[in-house]
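In: Sequence plus predicted model, see below.
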Amino acid sequence: MNNKFLKKKYFFTLLFTVLLLLVLAACGNDDNDSNNDTSNNASEGNNENTEVTVDSEMGQVTLPANPERVLAPFHEDTLLALGITPVAKWAIGESVQNYLEKDLQDLERIEWTMPLEQVLSHEPDLIILENSLDSYEGSYEEYSAIAPTYVMTEEVTKDWKKQLQVFGEILGKETEAEKALADYETKVKEANGELTEILGDETVAFMWVTGGKYFLFEENRHSANMIYSELGVNVPILVEELGEAGTAWDPISLEKLSELDADHVIILGNQKDEGIETLKNSNVWKNTAAVQNDQVYYIEDESNWTNSGLNASEQTIDELLETLK
Amino acid sequence: MNLIEKQKVKRFWLIISLLIISIIGFSFISLSVGVISISPMEVIQTLMQNGTEKQELVLFDFRMPGIILALLIGAGLAVSGTIMQGITQNGLADPGILGINTGAGFAIVLFLFFFQGVIPASSPISTFALPFVALIGAFSAAMLIYVIAWNKGVAPIRLVLVGIGVNAAFSALLTIMQLKMDPQNFRQITIWLSGDIWNASWSFVIALLPWMLILIPVAIKKSKSLNVFHLGDDVAAGLGTRVERERGLLLLIAVALAGAAVAAGGAIAFLGLVVPHIVRRIAGPLHQYVIPISALLGALILMAADMIASNVLAPTTIPVGIIVSIVSTPYFIYLLMKTN
C-alpha cells in the first residue's frame, strides 16, 4: 500500500509544480512581447531634445526632458516654486500639506508610502523619490518600471535650496530656479532689516502645540533654522539650551516652559487643542515675560513652519513679519 | 488495502483536489483585485499575452509575485507548525512559540540599529540583507532553545517551556531597542513584526521556491516518525525510532521552513498554530495526510488574507499578519468552547 500511495502523491505534487512552473514561464515571456506596446509615451526622435541624463542617488539616469505628469511626494513645494503642478499630492490618509492647498486643492492624494498600483493609476512620466527608499512600499526597480524615476541624494532631500537647483536641472527650468532663489535671498535680506528694526535685541521663541503636548523649536528645527540664522532673530536662552535638533522631536514640559525667557512667543497649532487651554489657564505660563507683556501670538496652521521648501519659507517669512509688526 | 483505508485515501485526494481548485480560483480573484481595476476577462487576456503593457506590469510584476509568495509562505508556516506540534506533542506549539518570530525580529532590529547609516538604502545589499538577517536570527533562536532544553535529550515539555521563556526574553530585548531607536526605523519593524509580505518580487519567489519544494516533500517523507511520536517517547524508542535524532532532524526542518517564511513575510503569527488543528479535524492524525493538506490550506488562507490586507483599506495596505490574527481568534474561541 505504501508504494502505490507514494507514487500517486508524488505525481500530484509534480503536477502542481508543473502548473506553477507554467505560470512562471508565461511571465518570463512578457519581456519579448513588445508588439503589444499600446503605451502612450511616443517620444522617439532627437535624443538631445527629449531626454536629460543626470546624476542621482542610483547613479546616472536618463529622464524625459519635458515631463507633464510629475510625482514628487512631499516635495511638491519645490515643483510649485518652478511653476510645475504635479499630478497628485502627498498625503497621510486625509492629512495633506495645508500651506500648499491653495495651489494643490484640486489634486488627488497619493499615500506617503507610494503603493505601486496607486502610483501607476496616476500614469506619471517622472517620479521623484527621497533618498531613503525604506518608507516606500515598492522598490526602485518597480517604480522605474512604471516611469523614469529619480532618487534624490540625502543632501538634495534635506536641503531645499539644493533641491530647487537639482529639480531645475531635471525639469529644464534652470532659469526659473535661479530666479526663485535670487528672489528668496532678496526677500530674506529685506525681512532681516525689518526684523532688526521691529525687534532690536528682543528674542522670539516658536512653539507648536498639538495633542496636548508642547514642542519648542530648537535653533535649527525646520523653519527656525532660517529664522534664527538667516533672518537674524535673537535666540532665547532656553531655546539655546535645547541644543541641536535631534531625529526625534521631544515635547517639553509645562514646568520647563515656565523658565522661558523669550520676549515674544509665537504659538502654532489648532486653537481648540487642549494644550492651548491648559497653557492659558496655567499660572506659571502667565508669569513668563512674553505673557506679561502681551506678546504671545497664535497661528492656526503650522504646516509651512514645520515643512521646508521655497513656498514654506516665504509664507513663514510673511506670517512672521505680519505677526510681529 | 482494506475498505477503511481505501476510503481514507479517497477522501484525502478529494480534499487535496478541492484545495488546489480553490487556490487556483482564489489566485484568479486576487489577480483581478487592486487599485487598478482589471476585470477577470482582462486577466485571462493578459495571461495569454494579449493585455496592454500597463496591465502586464500590474499583473506580472506587482500582483503575481505577491500571490505566489503568499502561497509559499503560508505552506511553509503551516507545515512547520504541523511538525512542531508533532514533535512536542503539544497542540499549542507553533513556530512563534519557539522564538523564531521574535528571534528573527530581534536580529533585524540589531542589524538596523548598527548598520542603518552605513549601508546606503539604494544598494542591492540592503534588499537581501534583512531577509538574510531574519533567517540567521530564526536559526540562532531555535539553536539557543534546543541547547538550553537539552538534558540527555530534549523532552517535549522542556522544549515548549524553554521556547516560551526565550520568546519572552527576546520580546523584552525588542522593547528595549524600541525605546532606543529612531521612531521612523522602529515603525518599519513594527510592521515587520505584524507580518507583512513586503518586497514581493520575483527574486524573492525564486529564492523561496527551492526551500519549500524540497523541504515540504522531505517533511512528508518523515511522516512515519511524526506519527510514532504520538505514542510517547518510550514506545517510539521501543518501536525502533531513534527518538532524539528524529526529533532534532524534524526540528531542523521546521525551523528551516519557518525561518524562510519569516524572512520573506515577516512574523506572521497563528497560521502555523491554527492550520494543523483544522486539518487534523478533517483528515485525522496521520501525518502523511496532514502535512500535504496543511501545506495547501496554509497557502490558501494566507493568500486570501493577503488579498484582504492589500485591498480592504485601499490605498493603504495593512500588514497581512493582522488579518490572519483577526480571522484565527474566533476559531480559537470556538475551539475553547468545544473543549468544554
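Out: Cool, the structure landed. Residues are numbered from 1 along each chain as shown, chains lettered A, B, ... in the order given.

In: from here on, contacts and neighbour counts on C-alpha atoms
Out: OK.

In: Next up, the contacts around the residue nearest the centre of chain A.
Out: The centroid of chain A falls nearest to A:Phe74 when counting by C-alpha atoms, centre = their mean (3.1 Å). Neighbouring residues of A:Phe74 by C-alpha atoms under 8 Å, 6 or more residues apart in numbering or on different chains: A:Lys89, A:Trp90, A:Ala91, A:Trp112.

In: so where's chain B uncertain?
Out: Judged by pLDDT under 70, chain B has its weakly predicted residues at B:1, B:116-128, B:182-185, B:188, B:198-199, B:315, B:340.

In: Phi, psi for the closest residue to A:Val235 other than its chain neighbours please.
Out: With sequence-adjacent residues excluded and distances taken as C-alpha to C-alpha, 6 or more residues apart in numbering or on different chains, A:Val235 is closest to A:Thr203, at 5.4 Å. Main-chain torsions, A:Thr203, degrees, to the nearest 10: phi -100, psi 150.

In: same deal with B:Gly91?
Out: B:Gly91 adopts backbone torsions of phi -70, psi -10, taken as degrees, to the nearest 10.

In: Can you tell me the closest non-neighbouring residue to it?
Out: With C-alpha to C-alpha, 6+ apart, the residue lying closest to B:Gly91 is B:Gln85, at 5.6 Å.

In: Residue 235: how many residues sit nearby?
Out: In the absence of a named chain, this looks at chain A. Using other C-alpha atoms under 10 Å in any protein chain shown, A:Val235 is surrounded by 22 other residues.

In: was after chain B, sorry
Out: Residues near B:Val235, counting by other C-alpha under 10 Å, number 14.

In: which residues touch the helix or strand A:Glu141 falls within?
Out: Secondary structure from DSSP states H and E places A:Glu141 in helix A:140-146. Outside helix A:140-146, the residues that touch it by C-alpha under 8 Å, 6+ apart are A:Leu116, A:Leu120, A:Glu123, A:Pro124, A:Ile127, A:Leu133, A:Thr149, B:Leu57, B:Asp61, B:Ser122.

In: separation between the residue nearest to A:Val235 and chain B?
Out: Separation of A:Thr203 from chain B (C-alpha to the nearest C-alpha, to the nearest Å): 32 Å.

In: List the beta-bridge partners for that residue.
Out: A:Thr203 has the following beta-bridge partners by DSSP bridges: A:Asn234.

In: In chain A, where is pLDDT below threshold?
Out: For chain A, applying pLDDT under 70 flags the ranges A:1-49.

In: Can you give me the domain boundaries for it?
Out: A:51-172, A:178-324 (automatic domain parsing).

In: Please work out which of those is packed deepest.
Out: Compared across the domains of chain A, domain A:51-172 shows the largest average neighbour count, a mean of 18 (mean count of other C-alpha atoms under 10 Å in any protein chain shown).

In: separation between the residue nearest to A:Val235 and A:Lys162?
Out: The gap separating A:Thr203 from A:Lys162 is 30 Å, by C-alpha to C-alpha, to the nearest Å.

In: What of B:Leu18?
Out: Distance of B:Leu18 to A:Lys162, computed by C-alpha to C-alpha: 60 Å.

In: So which bits of stretch B:95-113 are buried?
Out: By 16 or more other C-alpha atoms under 10 Å in any protein chain shown, the buried positions in stretch B:95-113 come out as B:95-110, B:112-113.

In: Any residues of the stretch 1-150 of chain B in contact with chain A? List them.
Out: Neighbours of chain A within the stretch 1-150 of chain B, by C-alpha under 8 Å from any C-alpha of the partner chain: B:1, B:34-36, B:47, B:49-54, B:56-58, B:60-62, B:121-122.

In: from what I can see B:Ala93 touches B:Gly81, true?
Out: Yes. Using C-alpha atoms under 8 Å, B:Ala93 is in contact with B:Gly81, at 6.9 Å.

In: and B:Ile21, that one's in a helix?
Out: Yes. With DSSP: H, G, I helix; E, B strand; the rest coil as the criterion, B:Ile21 is assigned to a helix.
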